[in-house]
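S.K.: Any chance you can model this:
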Amino acid sequence: MTSNRVKGPIKPKISTMPRNKSEASQQLELYKLITEKQRIQKELQLMEQRLQQLKNRLTVLNHQIDSTEQTIQDLRQANPTIPKMLHPSKPIAQSSNFQAFYLEY
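M.R.: Predicted coordinates:
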């Protein structure tokens, strides 16, 4: 399982020794900047894909929740003989008609 720690700002890679200002050193610096830019763009693209997957899954789950809740309501209306204690939204009536039975196995 991956950890969900918050990472700080992305810091650029630094060289151990400063280079002399030359065309070659500037070309190297340009290459490093371009590759870092490409890496970050790719990472952002992957994050956007993952975000879309999560949003799609939430949509499906919300639909399933609504459908299941509607099915429960339909079943309650179709079969009113279900004991009151199975309906959490309805208060349980206090009754002195308590019946008990024992099962032997």
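S.K.: ok, which stretches of the protein are helices?
M.R.: 23-78 (DSSP state H).
S.K.: any low-confidence regions in it?
M.R.: Filtered on pLDDT under 70, the chain yields the residue ranges 1-6, 13-16, 19, 81-103, 105.
S.K.: same thing but 90
M.R.: Within the chain, the stretches with pLDDT under 90 are 1-21, 25, 76-105.
S.K.: any idea how far residue 17 lies from residue 25?
M.R.: As judged by CB to CB, to the nearest Å, residue 17 and residue 25 stand 11 Å apart. For the C-beta atoms, the positions are set from N, CA and C on the backbone; glycine is no exception.
S.K.: More neighbours: which of the two?
M.R.: Counted by other CB atoms under 10 Å, residue 17 and residue 25 do not tie: residue 25 has more neighbours, with 13 against 5.
S.K.: measure that one to residue 104 for me?
M.R.: Relative to residue 104, residue 25 is positioned 91 Å away (CB to CB).
S.K.: And for residue 74?
M.R.: According to CB to CB, residue 74 and residue 104 sit 38 Å apart.
S.K.: Between those two, tell me which one has more neighbours.
M.R.: Comparing residue 74 with residue 104 by other CB under 10 Å, the one with more neighbours is residue 74, at 10 against 3.
S.K.: could you measure the more buried one against residue 64, distance?
M.R.: As judged by CB to CB, residue 74 and residue 64 stand 15 Å apart.
S.K.: do residue 31 as well
M.R.: Applying CB to CB, the value for residue 31 to residue 64 is 50 Å.
S.K.: ditto for residue 21
M.R.: Noted for residue 21: a distance of 62 Å to residue 64, by CB to CB.
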